[in-house]
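Chemist: what shape does this take:
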Amino acid sequence: MTNAVSPIRCQWAQGHVLLAHYHDHEWGVPEPDGQALWEKLMLDGFQAGLSWLTVLKKRDAFREAFEGFDPERVARFTERDIERLLGNAGIIRSRAKIEATIGNARAFLRMHERGEEFAGFCWSMVDSRPIQNAPPVPTQTPLSAAFSKALKARGFRFAGPTIVHAWMQATGMVNDHAPDCHRRQVIAAMGENAIICRS
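Modeler: Numbers count the residues shown, from 1 in each chain. Sure, this is the predicted structure:
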């Protein structure tokens, strides 16, 4: 009996089952839901300076600690909640990142109060269609810098160009799968005729 041949994956996704599963089922899939987009941006902010594997291992604990990443609930967090989160060994315990997440929930809600829906805003940055990037894969781009500037103008923190580009990759706004990766063409097909959101 022969063993099944493992599919070719992006290099970063090799070496751990959690990374492989995330790569094969989530990374690069166009995300149309505003709250899910916000959650993933928050997790990318927590990942800054650490490995994505660390975040994946703690994702369930993050979701529990931040009440399902519901911006309305997170926006109401107080200093008592911050202290609770700082005592939670299941998450990344950075006061700056925790406070930024609370502030970012309030920024998200302010956008909605002004009639600016988060998913529509995000996808308008790529004209509502995923961008098919050619290698080599950058860590940031002029687009991610412009996106970062737009987010910061709306009150977001921990949303620099590198974080934003990683988030755009994760949520399918750009397809940065390697040319020989088994997911490259699958993701490209998802974006060929897609109009994800209109602002």
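Chemist: once you drop chain neighbours, what's closest to residue 66?
Modeler: residue 74 (5.6 Å; Cβ to Cβ, 6 or more residues apart in numbering). Placement of C-beta: from N, CA and C, glycine included.
Chemist: doesn't residue 67 make contact with that neighbour?
Modeler: Yes - contact criterion Cβ atoms under 8 Å: residue 74 and residue 67 qualify, at 6.6 Å.
Chemist: other residues contacting stretch 29-44?
Modeler: Stretch 29-44 has contacts (Cβ atoms under 8 Å, 6 or more residues apart in numbering) with 55, 59, 62-63, 66, 69-71, 101, 104-105, 108, 117-120, 122-123, 130, 156, 159, 163-164, 166-167, 170-173, 187, 190-191, 194, 196-197.
Chemist: quick one: buried ones out of these?
Modeler: Taking 16 or more other Cβ atoms under 10 Å as the criterion, what is buried in the contacts of stretch 29-44 is 55, 59, 62, 66, 69, 71, 101, 104-105, 108, 117-120, 122-123, 130, 156, 159, 163-164, 166-167, 170-173, 187, 190-191, 196-197.
Chemist: so which of these are in strands?
Modeler: Assigned to strands by DSSP state E, none of those qualify.
Chemist: what sits against the closest residue to residue 95 other than its chain neighbours?
Modeler: Of all residues not flanking residue 95 in the chain, residue 86 sits nearest, at 6.3 Å (Cβ to Cβ, 6+ apart). Contacts of residue 86 were listed using Cβ under 8 Å, 6+ apart, and they are 93, 95, 98.
Chemist: again with residue 151
Modeler: For residue 151, the contact set (Cβ under 8 Å, 6+ apart) comprises 159, 164.
Chemist: now the helix or strand hosting it - C-alpha only, PDB.
Modeler: Taking DSSP states H and E as the criterion, residue 151 maps to helix 142-153. Output of helix 142-153 as PDB, limited to C-alpha atoms (Å, rounded to 0.1, in the frame of the first residue of the first chain):
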ATOM      1  CA  PRO A 142       1.900  50.500  -2.000                       C
ATOM      2  CA  LEU A 143      -1.700  49.300  -1.800                       C
ATOM      3  CA  SER A 144      -1.300  47.900   1.800                       C
ATOM      4  CA  ALA A 145       0.300  51.200   2.700                       C
ATOM      5  CA  ALA A 146      -2.600  53.200   1.300                       C
ATOM      6  CA  PHE A 147      -5.000  50.800   3.000                       C
ATOM      7  CA  SER A 148      -3.200  51.200   6.300                       C
ATOM      8  CA  LYS A 149      -3.400  54.900   6.000                       C
ATOM      9  CA  ALA A 150      -7.100  54.700   5.400                       C
ATOM     10  CA  LEU A 151      -7.700  52.500   8.400                       C
ATOM     11  CA  LYS A 152      -5.600  54.700  10.600                       C
ATOM     12  CA  ALA A 153      -7.600  57.700   9.400                       C
END
